[in-house]
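Asker: Just to be clear, the model below is a prediction. Sequence and coordinates:
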Amino acid sequence: MPVIRFVREGRDVECYPGENLREVALREGIALYGLKGQLGNCGGCGQCITCFVDVVGESSPGSLSGRTAVEEQKLRRRPQSWRLACQTLVQQSVLVLTKPQTGLGDLEQKVAQAKAEPLPAGPTAWPVVESDADEDESAEEGSEKAAGGETTTSSEEG
Ligand code: FES
């Protein structure tokens with residue numbers, strides 16, 4: 001499972017591939033919003049620009065969904081590593097700094113420390129129960145053989 005390492009909070013949070021970053025943060029009690037966002041935010045519609053985060057590291061390129069059109073517009077004057085959490089889906093493990101506009105005394109040291117610990121790569125699909133996987137594999141093998149046989153037969157016929 002992907003891990004979101006929240007650098008400011010010093011927490012690693014596991015999530016399913018494809019989960020929304022804002023929803024995971026709120027579920028886990030991460031203080032995603034500054035004062036303005038706490039007083040009022042758009043609820044994840046990409047309109048208030050209060051949920052931004054800085055992605056300071058990824059387990060591999062493409063660990064997050066690409067920037068949406070809303071982000072391209074709303075974050076055009078912000079660093080490329082900034083994202084709107086509500087527009088971002090987590091595919092693989094990442095390091096995230098919440099409230100990047102707010103200072104953090106030992107920011108560089110905290111980021112370096114968070115980067116030093118390896119991030120698990122995480123799968124890119126929903127977990128599969130082992131017993132089901134075994135059955136699926138045998139079923140696939142059988143169907144491949146059958147398909148191969150059929151293909152040969154049909155090409156011979158055609
Ligand atoms: S919650 Fe408003 S832009 Fe993300």
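Answerer: Right, received. Where do you want to start? Residues are numbered from 1 along each chain as shown.

Asker: hey, let's count contacts and neighbours off CA atoms from now on
Answerer: Fine.

Asker: May I ask which helix or strand of this structure has the lowest mean pLDDT?
Answerer: Sorting the helices and strands of the chain by mean pLDDT, DSSP states H and E puts helix 130-157 at the bottom, at a mean of 48.

Asker: just so I have it, where are all the strands in the protein?
Answerer: 3-6, 11-14, 19-20, 52-58, 82-84, 89-90, 94-98 (DSSP state E).

Asker: what about those strands, which gets the closest to the ligand?
Answerer: Closest of the strands of the chain to the ligand is strand 82-84, at 5.4 Å (criterion: CA to the nearest ligand atom).

Asker: Give the pairing partners of that closest one; include direction for each.
Answerer: strand 52-58 (antiparallel) (DSSP bridges).

Asker: now the strand it pairs with: mean pLDDT?
Answerer: Here strand 52-58 scores 94 as its mean pLDDT.

Asker: Put the alpha carbons of that strand into CSV.
Answerer: Listed next in CSV are the C-alpha coordinates belonging to strand 52-58 (Å, rounded to 0.1, in the frame of the first residue of the first chain):
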residue,chain,number,x,y,z
PHE,A,52,-2.3,23.1,-1.1
VAL,A,53,0.7,20.9,-0.1
ASP,A,54,4.3,20.7,-1.3
VAL,A,55,5.2,17.2,-2.7
VAL,A,56,8.9,17.0,-1.5
GLY,A,57,9.5,13.5,-2.6
GLU,A,58,8.1,10.5,-4.5
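
Asker: and the most centrally placed residue in the chain, what is it in contact with?
Answerer: Closest residue to the average C-alpha location of the chain: residue 90 at 1.0 Å, with CA atoms, centre = their mean. Going by CA atoms under 8 Å, 6 or more residues apart in numbering, residue 90 touches 2, 16-21, 63-65.

Asker: Pull the number of nearby residues for the residue nearest to residue 25 when sequence neighbours are not counted.
Answerer: Closest residue to residue 25 apart from its sequence neighbours, by CA to CA, 6 or more residues apart in numbering: residue 32 at 6.7 Å. Neighbour count for residue 32, taken as other CA atoms under 10 Å: 19.
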